[in-house]
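S.K.: Dropping the sequence and predicted coords here.
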Amino acid sequence: MKPGTLKRAGAILAATLLTSLISATAPAHAAPVEHITNGTFDSGTAPWWSTDNTSLAVNAGRACANVPAGSENPWDVSIGHNDIPLVDGATYTLTFTASASTATTVRANVQLNEPPYTAPLSREVALTPTAQTFTYTFTSGLDSTNGSLTFQIGAPVAFAFCLDDVSLSSEYNGPPAGGPEQVKNGHFDQGTAGWFAYGTTSSSIRDGEYCAAVPGGLANPWDAGIGQNDITLLAGRDYAFSFDASADPSATVRVTVQLGSEPFTSYLARDIPMTAAGAHFEYSFTATEDTHTAQVVFQVGGNAAAYTMCIDNVSLRGGEEEPPYVPDTGPRVRVNQTGYLPSGPKHATLVTESTTAMPWQLHNAAGTVVASGQTTPRGVDQASGQNVHTIDFSGYETATTGYTLVADGETSYPFDISGSIYHQLRSDTLQFFYIQRSGIAIDGALVGEQYARPAGHLGVAPNQGDTDVPCQAGVCDYRLDVRGGWYDAGDHGKYVVNGGMATAQLLSAFERTKNAATGGSGAALGDSTLRVPERGNGVPDVLDEARWELEFMLRMQVPDGKPKAGMVHHKIHDRVWTGLPLAPQDDPQPRELHPPTTSATLNLAAAAAQGARLFAPYDKAFADRALAAAKKAYADAKTNPAIYADPNDGNGGGAYNDNDVTDEFYWAAVELYLTTGGASYLADLTASPHHTGNVFTPTGYHSAAMAPMARLELATVPSGLPAAERTRIRQSVLAAADSYLATAATQAYGLPMPGHAGAYFWGANGNLVNNIVVLATAFDISGQPRYRDGAVEAIDYLLGRNALNQSYVSGWGEKAAKNQHSRIYGNQLDPALPNPPAGSLAGGANSFLDDPFAQQLLAGCKPMFCYVDDINSYSTNEVAINWNSALAWMASFLDDQGADQPVAAPTCSARYINYGTWQEGGGFTAQVEVTNTGTTTVNGWTMRFAFTGDQKVRESWSGRSSQSGATVTVLNESANSRIQPGATVYVGFNATTSGLYANPDPRLITINGTACSLP
C-alpha cells in the first residue's frame, strides 16, 4: 500500500532554470559537547544499563557483557546509555572501541528512547576478538531530550562483548545557511527510510552509503532510479542541491529534481559522468512553481554495462521553514458526529483545564435545553495528553435531529438520535468495494457520475492489462489472466492476502444474518440492497461483491502441470511505483505476477471454502468450483508449508511478507471443516496451537494474524463440534470481549484499544474495528447487552469522539476525512477528480509516522494526534479493502440493532432433530420442535432457520415451507396456528443435498422473529 515514485517518461529540460555549479564554504564550528558519562568505565558501569538477559561488569578497564545464545534479533540483548539530547541539524561524532570473543556483527544505534524509536544513526559493526576503534559521524534530523546510545548485541551463538572509550559529542551552529533541509535521511543513518528504488537488481546500505546494483542495457536513464518523493519547493526561491556519488565501473547518471506527477516539470537535470573514485557534486537552481510533491531522482539507466552506484550526504536546502502544524480540533466537546441510538449508550468527551465536575446541557435543534447534568473528570488521557471529562447523557432517548452538547462554554458539532442512523453507513461501506473494482467500467448512474470511469487494466492503451500477465523475471514460464478483483488500497495493486481477509469479512457479514438473533434473516443484505450491476440477479448483493474478488483470487492459482500447481501467486501489480494521482485506466506500467506463497494459498483456501457454502444455494456450479479450488490450495499449502513472501519485494507494491503462517493454516482448516464437515480438517484445526491458545491481542487482528477470525467463525457458524467444545470456544470470545470492555473503561475516549503509543500504528483503525467486531460477536452469541453497548460506544471514536474531533469515515460527520491517500480519489491534487466515496475508512492515527509527509508535519505528536487528512500521508490516511471490510461488518451489525432496545428473554424453546440421510442418498429427513415457554398464547406463527450449504427442502408437513437461499420459512397450518403456553408444535421436512457440504443443526430458530432457546 506504500506509494513510491512516478518515473520520468523523458528528459524535460526547462530553459528558464537558473542552474550553476557552486562551491562549498567551511562554516565556523563551536566547541563540541560530550554526551557520554563514564565512557571509559573508570567509575564502574553507572549510568550504563543492560537488558535483563545480560549484565555489565568492568574487566581490565573495559565494560564487558556475556551474550546468551539463541537471540533471533540483535535488540533481544542490549546495553546502552540514556539521556542523550538530540538536536535537529547538529552534527554528532560517535567513537568507541569494541571486541567480541567470537567474530560477529552487532548494531550501534543513536535513537529515540520512546516510540517510534527513530534512529538518526544505525550501523552494523563487525567485531573480532581483537579490539578495534570505530568512528561514525551523522547529523540529527530530530529534536528530543530523550535519546539513547544503544548497542544491540543479540546473536544466535553465545559470546563475550567488551566496550571501552565511548564518546558521543555534538556540534551545533544554528540553522545552516541556505534554508531548511528538504531531503529526509540524506545521510542514510536511518537505512533506506524515505527513499525508493526501481529497476535496480539490489540495493543496500554499505558503510553508510546507499548502494544499488544497476543492470546494463537499459535503454533510457529513467528505466531505473533511486529517489525520494514529497519534496517541497517554493516558486522563485533558490535551492542548493549536493551529494556524494560514485559508479563502479564508470557510468553516466542523470540527476533530477522534478515534479513527481504529470507534467513532470524538471527544475534541475544534469547528466553526470561518475567514477569509482567518487566525488562531491553541488548545483543550484531556482524553483519555478510551488509544490509539495516534487522528487529528487538519480536516474541510473541508459548505460551499456552493469555497474554499482553509491550515494551519500544528499542535501537539498532552500525555501522556508514551515510554521509548526497545529490541527484544527474544533469545539472542545467531542461527540459521535453521526449520532446515537435511542436506547444505546451516549457519551461525549470534554477537553478542559478544569479538574472538577462541570455542568453540561443537551440542546435540541431549536436551542431548547432538553437534558443536563455534571461531567465526570477523567484526568489526563494517555493517548492524547489532554485533561478530559466524560459526559454521559444515555438517559435521554428522544429520537430527532440537530442535537448539540454544551459544556465549559463550548458547543459540540451537531448530531442525531435515531434508530436508523447507521442504515446508510451499511450501504456506503459496502459500496466502497464496487468503486474499487478492477476490470470493469464503474457506472456513474449507480454511484454518482464523479466516480464513473472506464474499466482499468484490461489491456486498453495505455494499460498493459491484467488479462495476459507474465511473472517477474525468473519466477514462472507462463502468463495468466488475472483480471478483476479490487484495487487493494491507494495504489493499483491486487494482493491475495488482503483480498482474502476482506472477502471473508464481507461473506461473514452476510453469514452473520443467518445465525444472529438480530440479523433479520439477511433481508437488509439481500438482492437489490446495494448499488452494484449484479442487483436483481436473485443473489444477495454482498455475495455478488465478494465474488468479484473471489473470482480474481481463483485466477491467481498456479495452473495444473506447472511447478507448485495449486499454490497461489502472492500479488500482481505495477513493475514500479506510480505517483499521485493516476486513474486505473491511465496506468501505463507493465504488470507482473509475484511468486506463489503459502500465505496467499491459504487465504484462497479459507475464503473460497467460506464462499462455497454461502454460494451453494444460489450458484451450485460456482460453489463447487470454489470448494474444489479451496481443497486443492489447502493440500498444496501443506506440501509447501514455508514459502514466504520476500520482505524486499516492495517495489511497485507492498511486500505483505509474513513468516508465520500457522494462523493461516488454522483459518483455512476451520473454514474447510465448517463447509465440509471433513474429519481431516477437524483433526488439523484441533491440532493447531491456535485452537486452544489466546488468539485475541489487545491491539486487534489483521491480515497477517487470522487466528482470531477463525475463532469467531467456530463460535458462530453451525458445525458438528461437540457441545462442550463449542461452549469453550464461545467462552474464549466472551473472555476477549470482557478484556476489551475493561480496556475501554480506562480510555476517556471509550475505545477498546490501549492508550500507549504502540497501539497507534499503520492501519490501527482497522485493528480497532476488529476489536469492536469481537464485542459485537460476544453479544450475538450471549445476548448480553453490555457487549452490544461496548460495540456501539466504541464506534464513536471513528466518527468524531477523539482528540482531533475528526471523523475517520469520509462523508460521515461535520468534520470527516476527505483526502485519503489514493491514486483514484485525487481531488486534493486535481480538482477534476473526486474525493473518496462516502464510507471510506482512513487508516488513522499512527505514532510511528511511517511516511515522510507525516514525519515532517507531526514529529513529536501524542499518539491520538498523529494523523493528518492529507493525500500525501499514506501511513495515517490511506484507504484499504481490509479496513473497510471490517467497518462494513460493523455497520451491518449496528444497523441491525435498530434503537438498541433491551434484550428480551426468549419465549420459546426449539429442538432440531436430523433423522439421518436417506438410504439411497441424496437427502435427509429432519424435524423442528418448538415449545411456547412464554405466558401468552401464540396465535399464528412463522418459523425461520437456515442451512449452511446446498440443502434444499423438497417437501414439509405440519407447516407450509418455502426457501430463499439457505433460509427456510415455515408458516403454520390452520390446525396448529395456536401454541398455548407450555405447548409444542412439530414441523417435519425432507431435504436434498449433494453431500459435499456439512449438514449441521441450525443454531438459530425463530418464531415470529424472536429467537428461541436451543439445547
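M.R.: Yep, that arrived. Numbers count the residues shown, from 1 in each chain.
S.K.: mind checking how far the longest helix along the chain is from the chain centre?
M.R.: Longest helix in the chain by number of residues (criterion: DSSP state H): helix 723-746. A distance of 24 Å separates the C-alpha centroid of helix 723-746 from that of its chain, computed with CA atoms, centre = their mean, to the nearest Å.
S.K.: How about residues contacting it?
M.R.: 694-696, 698, 708, 711-712, 714-715, 719, 721, 750-755, 771, 774-775, 777-778, 781-782, 786-787, 790, 793-794, 1015 (CB atoms under 8 Å, 6 or more residues apart in numbering). (Each C-beta comes from the backbone N, C-alpha and C, glycine too.)
S.K.: of these, buried ones?
M.R.: 695-696, 698, 708, 711-712, 714-715, 719, 721, 750-755, 771, 774-775, 777-778, 781-782, 787, 790, 793-794 (16 or more other CB atoms under 10 Å).
S.K.: before we move on, the earlier item: okay, and which of the contacts of helix 723-746 map to helices?
M.R.: Those of the contacts of helix 723-746 mapping onto helices are 708, 711-712, 714-715, 771, 774-775, 777-778, 781-782, 786-787, 790, 793-794, per DSSP H.
S.K.: about what we covered before: pull out the buried positions in the longest helix of the chain.
M.R.: Buried residues in helix 723-746 (16+ other CB under 10 Å): 726, 729-730, 732-734, 736-737, 739-741, 743-744.
S.K.: Dump those to TSV, plus pLDDT and distance to residue 903.
M.R.: Shown next, in TSV, are those (pLDDT from 0 to 100; distance: CB to CB, whole Å):
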residue	pLDDT	distance to residue 903
726	97	21
729	98	22
730	98	17
732	98	22
733	98	17
734	98	15
736	98	20
737	98	15
739	98	22
740	98	19
741	98	17
743	98	23
744	98	20
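S.K.: ok, those vs residue 239, which is closest?
M.R.: residue 743 (48.6 Å; CB to CB).
S.K.: Compute the distance between the closest residue to residue 750 other than its chain neighbours and residue 210, please.
M.R.: Leaving out its chain neighbours, the residue that sits closest to residue 750 by CB to CB, 6 or more residues apart in numbering is residue 793, at 5.1 Å. Distance of residue 793 to residue 210, given as CB to CB, to the nearest Å: 48 Å.
S.K.: Ok, residue 956 next?
M.R.: 73 Å.
S.K.: same thing with residue 726?
M.R.: 56 Å.
S.K.: Can you identify each of the helices in the stretch 901-1015 of the chain by residue range?
M.R.: In the stretch 901-1015 of the chain, no segments count as helices under DSSP state H, counting those that start in this stretch.
S.K.: What segments of it are strands?
M.R.: Using DSSP state E, counting those that start in this stretch, the strands of the stretch 901-1015 of the chain run over residues 908-917, 923-932, 938-939, 942-946, 952-957, 960-964, 967-971, 978-979, 984-992, 1006-1007, 1010-1011.
S.K.: Could I get the buried residue list for the fifth one?
M.R.: Residues of strand 952-957 classed as buried: 952, 953, 956 (neighbour count, 16+ other CB under 10 Å).
S.K.: And that strand, what does it pack against?
M.R.: Here strand 952-957 touches strand 960-964, strand 984-992, going by 3 or more CB pairs under 8 Å, 6 or more residues apart in numbering; DSSP states H and E.
S.K.: What is the distance between that strand and the centre of its chain?
M.R.: Its chain's average C-alpha position is 46 Å from that of strand 952-957, according to CA atoms, centre = their mean.
S.K.: now the second one
M.R.: Centroid separation for strand 923-932 versus its chain: 44 Å, with CA atoms, centre = their mean.
S.K.: partners of that strand in the sheet?
M.R.: As defined by DSSP bridges, the strand partners of strand 923-932 come to strand 908-917 (antiparallel), strand 984-992 (antiparallel).
S.K.: could I get those as CSV with mean pLDDT, distance to residue 230 and mean neighbour count?
M.R.: As requested, these are exported to CSV (pLDDT from 0 to 100; distance: least, CB to CB, whole Å; neighbours: other CB atoms under 10 Å):
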stretch, mean pLDDT, distance to residue 230, mean neighbour count
strand 908-917, 97, 60, 16
strand 984-992, 98, 61, 18
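S.K.: Go through those and name the closest to residue 552.
M.R.: Closest among the strands paired with strand 923-932, using CB to CB: strand 984-992, at 31.8 Å.
S.K.: Next, the angle strand 967-971 makes with the closest one.
M.R.: Computed with axes from the mean of the first three to the mean of the last three CA atoms, to 10 degrees, the direction of strand 984-992 lies at 140 degrees from that of strand 967-971.
S.K.: contact partners of strand 984-992?
M.R.: 918, 922-932, 941, 943, 947, 951-959, 961, 968, 970, 972, 976, 979.
S.K.: Going through the residues you listed, which ones are buried?
M.R.: Using 16+ other CB under 10 Å, the buried members of these are 923-924, 926-932, 941, 943, 947, 951-953, 956, 958-959, 961, 968, 970, 972, 979.
S.K.: Residue 535 reaches residue 545, doesn't it?
M.R.: No - Residue 535 lies out of contact with residue 545 (CB atoms under 8 Å); the separation is 10.5 Å.
S.K.: more crowded one of the two?
M.R.: More crowded of residue 535 and residue 545, by other CB atoms under 10 Å: residue 545, with 25 against 14.
S.K.: Residue 625 falls within a strand, correct?
M.R.: No - Residue 625: not assigned to a strand; according to DSSP: H, G, I helix; E, B strand; the rest coil it is helix.
S.K.: How much space separates it from residue 256?
M.R.: 50 Å.
S.K.: Check residue 837 too.
M.R.: 36 Å.
S.K.: same deal with residue 894?
M.R.: Distance of residue 894 to residue 256, computed by CB to CB: 50 Å.
S.K.: show me the contacts for the residue nearest to the spatial centre of the chain.
M.R.: The structure's the chain has its C-alpha centroid closest to residue 763; by CA atoms, centre = their mean the separation is 3.6 Å. By CB under 8 Å, 6+ apart, residue 763 lies in contact with 702, 843, 844, 846, 878, 880, 883.
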